[in-house]
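J.: sequence first, then the predicted structure, then my questions.
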Amino acid sequence: MDDLLLEERIRYPPFESYRFRPELLPIGVSRTEIASQISKEEANNMVADMPPPFRIGDKKSWLVERRYIYQGKTLKLNKAHNQEMNEAVPKGSVVHQQRTGWYLTPNVIHSQARKIMNFSVIILLVALSYLFLEPILSVWGIPSVGTERVRFGLLDYPLLALIVVPILFVPIMMRVGANFSDLIKQRKFLTSPPLEPKIIFHSDTTSGENLVLDIEFPEEHKSWGKKHILWRVGVLPPRRDKLMEILGRDAEGQPAPGLTTELPHHWTVDLDDGTGGGEDLPMQTNEIKGGLFLKPMRIMNQSEIIPLVDGTTTISSPSGKWPGTIFSSLIRIHWELIVVIERENQSELLWVQPLKVKHSSNYTETTATVNSGRTETNHPMSLS
């Protein structure tokens, strides 16, 4: 006789995860008692009526895992589990506020400006290094270039600054212009948003199986062009307060590795995991809670993107063996359907529909495919 426990383990990739070595970050572990002092047979029967365990990633890398513990060991069953959902997604959650409805795609200038910024920083470092070494080069008789003095007001500057400083300001001005363009685009969209499409499902939404559906748009705008469709699955960030708790951290103290300082206006309403530092999204209007840009899931796989045609559409499942919908404070497995609408002389329009997906009947295991945390580099069409 022993206790039956539900164990959740997570090491979620922070913003710009490539800067971190996952094996050095702590794994958050949460255990919940399901039943106390029961036999192993009773534990097996009880677990069989619960969603199957799963693991995404591994303990040496990013990890999201749920398993059942009995007598200190992982409980493994030879028979199929219940396929029903584990947790229902509550109303007002991050899914409803940030992953439901119409979304715009950011201006492409954002990603271009970021590439130019890297180039600009390299030029700045080279220029500073040259100015530092120039006196030594002069002693050796090597003529200098660009070190002549230019007066602005009461101060003198090296001529090289007239070349380097404008290059540094180019990507900044590009980002400012792109943000201004995005704000205008958002306000224009909010004045007359399209009607919601009507989606009819002809199949059970089950992990690992095809999705069969019909989509009808009540209205077609003149600027709309080709439409594409896909569905995808990913892991949403855990709640900050829960993660701090299981890592043994004070909620108002030093953040855990990978987290940033708390910003209550976001985290108190569960709209941010505290790792993006304000860089994961372009500038958004405050008129809609959650914004009009779709935040990326940092662990995610998606299906093949196919053209949307009239009539019934069949979409293959995303790659990998994933669990169904789960929504707890620590582990959130989220599925969504995305329709990408091309528009004339405008960026693409997205319709995002959350899906309630059943688990497969057995244990599932897949790799943790980590994506960029920036919205401008996570367009669904570019991830195919």
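T.: Looks like it came in fine.
J.: what comes up buried for the helix or strand harbouring residue 129?
T.: Using DSSP states H and E, residue 129 falls within helix 109-139. By neighbour count on 16 or more other Cβ atoms under 10 Å, the buried set for helix 109-139 is 109, 110, 111, 113, 114, 116, 117, 120, 127, 130, 131, 134. Using the backbone N, CA and C atoms, a C-beta is placed for each residue, glycine as well.
J.: could you point out the helix or strand that follows that helix?
T.: strand 149-152.
J.: give the next helix or strand downstream of that following strand.
T.: Toward the C-terminal end, the helix or strand that comes next after strand 149-152 (DSSP H and E) is strand 155-158.
J.: parallel or antiparallel, list what pairs with that following strand.
T.: strand 149-152 (antiparallel) (DSSP bridges).
J.: quick one: contacts of the partner strand?
T.: 156, 157, 158, 159, 161, 162 (Cβ atoms under 8 Å, 6 or more residues apart in numbering).
J.: centroid-nearest residue for the chain?
T.: residue 297 (2.2 Å; Cα atoms, centre = their mean).
J.: what's the distance between that residue and residue 318?
T.: 12 Å (Cβ to Cβ, to the nearest Å).
J.: where do the contact lists of these two overlap?
T.: residue 232.
J.: just to revisit the earlier point, how far off centre is the helix holding residue 129?
T.: Mean C-alpha position of helix 109-139 versus that of the full chain (Cα atoms, centre = their mean, to the nearest Å) differs by 32 Å.
J.: sorry, back to before: closest one of the contacts of strand 149-152 to residue 330?
T.: The closest of the contacts of strand 149-152 to residue 330 turns out to be residue 161 (Cβ to Cβ; 51.2 Å).
J.: helix or strand: which one has that closest one?
T.: Residue-wise, residue 161 maps onto helix 159-191 under DSSP H and E.
J.: so where's the protein uncertain?
T.: Residue ranges of the chain with pLDDT under 70: 86, 262-280, 383-384.
J.: and it, what are its domain boundaries?
T.: 2-74, 94-107+197-383, 112-186 (automatic domain parsing).
J.: nearest to residue 88, of these?
T.: Using Cβ to Cβ, these put domain 94-107+197-383 closest to residue 88, at 7.1 Å.
J.: would it be right to say that residue 291 lies in a helix?
T.: No - looking at residue 291 with DSSP: H, G, I helix; E, B strand; the rest coil, it is coil, so not inside a helix.
J.: pull the number of nearby residues for it.
T.: Using other Cβ atoms under 10 Å, residue 291 has 21 other residues around it.
J.: nearest residue to it other than its sequence neighbours?
T.: Among residues not flanking residue 291 along the chain, residue 284 sits closest, at 3.9 Å (Cβ to Cβ, 6 or more residues apart in numbering).
J.: do the same with residue 202
T.: residue 212 (4.3 Å).
J.: residues touching the helix or strand harbouring the one you found, excluding its own?
T.: Secondary structure assignment for residue 212, by DSSP H and E: strand 211-216. Contacts to strand 211-216, defined as Cβ under 8 Å, 6+ apart, come from residues 197-203, 205, 229, 231, 303, 308, 311-315, 317, 337, 339, 355.
J.: and if we set it to 7 Å?
T.: Applying Cβ atoms under 7 Å, 6 or more residues apart in numbering, the external contacts of strand 211-216 come out as 197-203, 205, 231, 308, 311-315, 339.
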